[in-house]
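Novice: here are the coordinates; sequence isn't available:
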Ligand SMILES: NC(=O)c1ccc[n+]([C@@H]2O[C@H](COP(=O)([O-])OP(=O)(O)OC[C@H]3O[C@@H](n4cnc5c(N)ncnc54)[C@H](O)[C@@H]3O)[C@@H](O)[C@H]2O)c1
């Protein structure tokens, strides 16, 4: 039976053919050895980029290398004077102690970072799952781990941006349409996000996923504001302060990946959901569009919707989420939470 996606295939107006040659540029993708992240890495590699894949399992990385390097047909075949490269950064976002040592070692031979995709994520694990430091697993992985990684990468992003064309250095926070179902009124229930939190242990697992994805939108929005505040005022147009590093969140779309592996049980529901899922490569296009398209340089703080549709941004961000100082409050709390690991 044809799926909705097969009957009505999306026609993204941004594709791999729109990606320029990336030789000399350096990229980092968390969770880049599977799902959407793998598609991002495949495109970056075949366009000549130096790609650092961050994840927990070296064997999963090694298995993905062959797939990433494989023949991609005319979608990605280009003649390169400098071929792309792949490297592994071993971090577990659910264990904050693993992040700083790995980043410090990486910084010994990585001297620029053009775009980082905070793409790794976990969705609806068994209730009660926690990170090593005791955070609810989705919050701890999707938000706290990425926040610490971002904090450690910020100086390199900023330094790269200082010597690069404006708008080309970016931090991309992968969220989901599910962020719109996060707790009312502002997306984050601040009483539920600390370690070993009693309230979180009683919340519905989907609400916790939604809250973590609202957290990703807020991190992008708050970093965007901070980036503008730090940016130098342009001599040509002092009213137009351009951020050093562009910060964007996005929804990659409903995709066939491993993400749904925990949300099993109801066969009818699973069948219905499978009918509306798209190929993971389409999600990759959304992430690549946010990270590389020239026009998304102007979307600092914006939220990109699926599948690389030009001009379609910020339309579905939860009302009120990025106002009311929620992002600033979250940022300050996370600074405090990760300070012993930074
Ligand atoms: N698939 C969808 O329909 C969909 C929809 C909306 C948003 N998203 C988002 O897209 C992103 C990518 O998901 P996907 O669909 O490719 O799923 P996936 O399960 O294929 O990929 C998730 C990746 O995250 C990694 N990861 C999980 N926990 C980690 C940890 N503790 N440390 C390091 N890496 C860890 C996994 O190893 C995997 O590589 C996620 O952030 C997800 O929330 C996906």
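Specialist: Noted; the coordinates are in hand. Bear in mind the structure is a predicted one, so any value in this text is a computation, not a measurement.
Novice: hey, let's count contacts and neighbours off CA atoms from now on
Specialist: Noted.
Novice: The stretch 201-342 of the chain against the ligand: which residues are in contact?
Specialist: 251-259 (C-alpha under 6 Å from any ligand atom).
Novice: May I ask which two of those are separated the most?
Specialist: Farthest pair in these (C-alpha to C-alpha) is 251 and 258. Separation: 16.4 Å.
Novice: the more surrounded of those two?
Specialist: Using other C-alpha atoms under 10 Å, the more surrounded residue of residue 251 and residue 258 is residue 251, with 24 against 12.
Novice: just checking, the more buried one touches residue 302?
Specialist: No. Counting by C-alpha atoms under 8 Å, residue 251 stays clear of residue 302, with 11.2 Å between them.
Novice: all strands for this structure, in order.
Specialist: Along the chain, the segments classed as strands by DSSP state E run 26-30, 50-55, 85-90, 115-118, 170-174, 246-250, 303-304.
Novice: Output those strands in TSV; the columns should cover mean pLDDT and mean neighbour count.
Specialist: Output for the strands of the chain, formatted as TSV (pLDDT from 0 to 100; neighbours: other C-alpha atoms under 10 Å):
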stretch	mean pLDDT	mean neighbour count
strand 26-30	98	24
strand 50-55	98	25
strand 85-90	98	19
strand 115-118	98	26
strand 170-174	98	28
strand 246-250	95	32
strand 303-304	92	29
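Novice: who does the lengthiest helix in the chain touch, helix- and strand-wise?
Specialist: Ranked by number of residues, the top helix in the chain under DSSP state H is helix 205-230. Contacts defined by 3 or more C-alpha pairs under 8 Å, 6 or more residues apart in numbering; DSSP states H and E place helix 205-230 against helix 137-139, strand 170-174, strand 246-250, helix 326-338.
Novice: Can you lay out those as JSON lines showing distance to residue 38?
Specialist: Listed next are the helices and strands packed on helix 205-230 as JSON lines, based on distance: least, C-alpha to C-alpha, whole Å:
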{"stretch": "helix 137-139", "distance to residue 38": "21"}
{"stretch": "strand 170-174", "distance to residue 38": "14"}
{"stretch": "strand 246-250", "distance to residue 38": "17"}
{"stretch": "helix 326-338", "distance to residue 38": "28"}
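Novice: Relative to the ligand, how far out is residue 275?
Specialist: 12 Å (C-alpha to the nearest ligand atom, to the nearest Å).
Novice: Next: residue 197.
Specialist: From residue 197 to the ligand the distance is 19 Å (C-alpha to the nearest ligand atom).
Novice: Distance from the chain centre to stretch 19-34, please.
Specialist: 13 Å (C-alpha atoms, centre = their mean, to the nearest Å).
Novice: re earlier: just the buried members of the residues of the stretch 201-342 of the chain next to the ligand?
Specialist: 251-256, 259 (16 or more other C-alpha atoms under 10 Å).
Novice: By pLDDT, rank those and give me the bottom one.
Specialist: Here the lowest pLDDT out of those sits on residue 259, with 82.
Novice: For it, give me its contacts.
Specialist: Shown in contact with residue 259 (C-alpha atoms under 8 Å, 6 or more residues apart in numbering): 121-123.
Novice: 10 Å instead, please
Specialist: If you count contacts by C-alpha atoms under 10 Å, 6 or more residues apart in numbering, residue 259 has them with 34-36, 120-125.
Novice: Most neighbours of all these, which one?
Specialist: Counting neighbours by other C-alpha under 10 Å, residue 36 comes out on top of the contacts of residue 259 with 29 neighbours.
Novice: Mind pulling up the pLDDT for it?
Specialist: Reading off the model, residue 36 has pLDDT 96.
Novice: buried stuff in the longest helix of the chain?
Specialist: Residues 205-228 are the ones in helix 205-230 that count as buried (16+ other C-alpha under 10 Å).
Novice: go on, stretch 322-339?
Specialist: Under 16+ other C-alpha under 10 Å, the buried positions of stretch 322-339 are 322, 326-328, 330-331, 334-335, 338.
Novice: do stretch 283-301 as well
Specialist: For stretch 283-301, by 16+ other C-alpha under 10 Å, it's 283-293, 296-297, 299-301.
Novice: right, and out of the residues you listed, which lies closest to the ligand?
Specialist: Minimum distance to the ligand across these is 7.8 Å, recorded for residue 283 (C-alpha to the nearest ligand atom).
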